[in-house]
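> could you work out the structure for the sequence below:
(chains A and B)
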Amino acid sequence: MGPFDMYAILGHVGGALINVLVGMGFGFALERAGFGNSLNLSAQFYFRNMRVLKVMFTAIITAMLLMFWANALGILDYDKIWVNPTYMWPGIVGGFIFGIGFVVGGYCPGTALVSLATLKIDGILFVAGLCIGMFFFGETIDSFRTFWEHSGFLGRLTLQDWLGLSAGAVAFLVTLMALGMFVAAEKTEAYFAKKDAEAKLG
Amino acid sequence: MKIQHFLTIIAVVAGAGLLVVKQPTVNSKLAKAEPKLEAQIETRKFQIDPGELFEIANGDAMQLRIYDVRNESDYNIFHIVDSERISESQLKDPKWVSNLPEQTIKVFVSNDERAATKAWKLLAAQNVQNIYILGGGINKWISAYGEPSAARRIKAGDDKLKYSFPFALGKAQPGADPDPHRVAPRKFIKKVKPVGPTVRKSGGCG
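Residues are numbered from 1 along each chain as shown, chains lettered A, B, ... in the order given. Presented below is the predicted three-dimensional model:
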């Protein structure tokens, strides 16, 4: 029953190789989805191109449905899946900074690396900025370590814990929500495409 | 039919199916794993001697957590130093279980072994690693490390405290925190598999 400890099964080299292959597969999927191009990504924030929302929610509901079905069928132990512990306040502050970086730079860290891999100049500059930011974060963390490592700690918190619903109910609601967002995204794209076309015609 | 429509139908059906299909609970996992776990318990590979627990607790080679699964009254009368009393509901709470430290030896303690074995099975069914039972429980610990002047042996049923103490002193009770320099070494078979970064014992150079 999964999840499998690939380092225990395949050894250190084999486990590391699996990580590299998964990473390459993830990067390839991002690149093929057009996430290596900052114009595609930043267009999301102006409602002109909603592919980020569509691709990410497709990935989320695909993984979610497969995971809960695998759990129900006894193939996977969901409780052994690592869920990042929730630190509410650092999460809000970090999310805000991340969002500004995303809008200004046109990339998130993962897509910046995809862009770097295809040798795009803006991607290379973004990753350079990312490295400088990480350096300063590492050098200054002692001044806000208590906030960063302790404030708003809620442990392993999932939607079903928060809403008090069963995993199945949450999975179904998230699926409906995603499908609703896909429809809304299509409508939004069509609306802004029409508006832009009208503006061009003057 | 467009591929998008086909995939939408699959997603809705798969999502709706999860409303009907039940996710495994701790009890269902335990029921499924029970025969295998019972066989493992019978090998007595997971019941450690008080001497081994004492050695790990007083060494610096491994991280250790002692979980006492007895009722509050017995815990207040006597408990091993640094042990933490936990309830059955905690053992069934995925959130509590997922926060257990991985690279740490976890030992469950009851008066004899029955409640500790139940706790061990509950966690083993949830794939928690590095878990052990104090063989013979608190009663064996007291017979090994307790001071006869402080505890009087009484008749009691299975998994009941078989010693009577004049006061409920918990970890301050004689024998709860034995002095490693004073107790006689016990002979035992080592059963705990080392985990985590092994710390060099003091005394080495460099």
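
> can you show me the strands along chain B?
Assigned by DSSP state E, the strands in chain B fall at B:47-48, B:64-68, B:83-85, B:105-109, B:131-134, B:152-153, B:163-164.

> grab the most central residue of chain A for me.
Taking C-alpha atoms, centre = their mean, the centroid of chain A lies closest to residue A:56, which sits 6.9 Å from it.

> go on, chain B?
Residue closest to the mean C-alpha point of chain B, counted by C-alpha atoms, centre = their mean, is residue B:108 at 2.4 Å.

> I'd say that residue and residue B:122 touch.
No: with contact defined as C-beta atoms under 8 Å, residue B:108 does not count as touching residue B:122 (9.5 Å). Heads up, the C-betas are built off the backbone N, CA and C, glycines and all.

> buried ones in the longest helix anywhere in chain A, by neighbour count?
When chain A is parsed with DSSP state H, its longest helix is helix A:167-201. Buried residues in helix A:167-201, counted by 16 or more other C-beta atoms under 10 Å in any protein chain shown: A:167-172, A:174-175, A:178-179, A:182, A:185, A:189, A:192.

> now stretch A:56-66
A:57, A:61, A:64-65.

> packing partners of the one helix or strand residue A:127 maps to?
Residue A:127 is located in helix A:121-140, with elements delineated by DSSP states H and E. In terms of contacts (3 or more C-beta pairs under 8 Å, 6 or more residues apart in numbering or on different chains; DSSP states H and E), helix A:121-140 is packed against helix A:38-42, helix A:88-105, helix A:109-117.

> wait, does the longest one make contact with chain B?
Spelled out, that is helix A:88-105. No: contact of helix A:88-105 with chain B (C-beta under 8 Å from any C-beta of the partner chain) is absent, the minimum separation being 15.9 Å.

> and residue B:5, what's its pLDDT?
Note for residue B:5: predicted pLDDT of 88.

> look at it and say how many residues are nearby.
9 (other C-beta atoms under 10 Å in any protein chain shown).

> ok, which residues in chain B are in contact with chain A?
Counting by C-beta under 8 Å from any C-beta, the residues of chain B near chain A are B:8, B:11-12, B:14-24, B:32, B:94-95, B:97-99, B:126-127.

> if we use 10 Å, what do you get?
For chain B, the residues found near chain A under the criterion C-beta under 10 Å from any C-beta of the partner chain are B:4, B:7-8, B:10-24, B:26, B:28-29, B:32, B:94-99, B:125-129.

> list the neighbouring strands of the least confident helix or strand in chain A by mean pLDDT plus their orientation.
Taking mean pLDDT, DSSP states H and E as the measure, chain A has strand A:153-155 as its least confident helix or strand, at a mean of 86. Taking DSSP bridges as the criterion, strand A:153-155 forms sheet pairs with strand A:86-87 (antiparallel).

> name the residues that touch the partner strand?
Residues outside strand A:86-87 that contact it (C-beta atoms under 10 Å, 6 or more residues apart in numbering or on different chains) are A:93-94, A:147-158, A:161-162.

> can you check stretch A:20-36 too?
With contact meaning C-beta under 10 Å, 6+ apart, stretch A:20-36 is reached by A:6, A:37, A:40-41, A:49, A:51-52, A:54-56, A:58-59, A:107-108, A:110-118, A:120, A:123.

> could you redo the last one with a cut-off of 6 Å?
Residues outside stretch A:20-36 that contact it (C-beta atoms under 6 Å, 6 or more residues apart in numbering or on different chains) are A:40, A:55, A:111, A:114-115, A:118.

> again with stretch A:188-202
Contacts of stretch A:188-202 (C-beta under 6 Å, 6+ apart): A:47-48, A:50.

> out of the residues you listed, which end up buried?
Buried by 16+ other C-beta under 10 Å: A:48, A:50, out of the contacts of stretch A:188-202.

> for the contacts of stretch A:188-202, give me TSV that also has secondary structure, distance to chain B and pLDDT.
Shown next, in TSV, are the contacts of stretch A:188-202 (DSSP: H, G, I helix; E, B strand; the rest coil; distance: C-beta to the nearest C-beta, whole Å; pLDDT from 0 to 100):
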residue	secondary structure	distance to chain B	pLDDT
A:47	coil	20	92
A:48	coil	20	92
A:50	coil	14	94
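
> state the distance from the closest residue in space to residue B:124 that isn't next to it in sequence to residue A:72.
Among residues not flanking residue B:124 along the chain, residue B:37 sits closest, at 5.4 Å (C-beta to C-beta, 6 or more residues apart in numbering or on different chains). Separation of residue B:37 from residue A:72 (C-beta to C-beta, to the nearest Å): 22 Å.

> just residue B:32 next, same as before
Residue B:32 sits 13 Å away from residue A:72, going by C-beta to C-beta.

> how does chain A divide into domains?
With domains defined by automatic domain parsing, chain A comprises A:1-32, A:34-201.

> pick the most buried one from those.
Each of these was scored by mean neighbour count; the highest is domain A:34-201, a mean of 15, by mean count of other C-beta atoms under 10 Å in any protein chain shown.

> centre of the chain to it, how far?
Remark: domain A:34-201 is offset 3 Å from the chain centroid, using C-alpha atoms, centre = their mean, to the nearest Å.

> give me the low-pLDDT residue ranges for chain B?
Residue ranges of chain B with pLDDT under 70: B:197-206.

> now the helices for it?
Per DSSP H, chain B carries helices over the ranges B:3-20, B:26-42, B:50-57, B:72-77, B:88-91, B:94-98, B:114-125, B:137-145.
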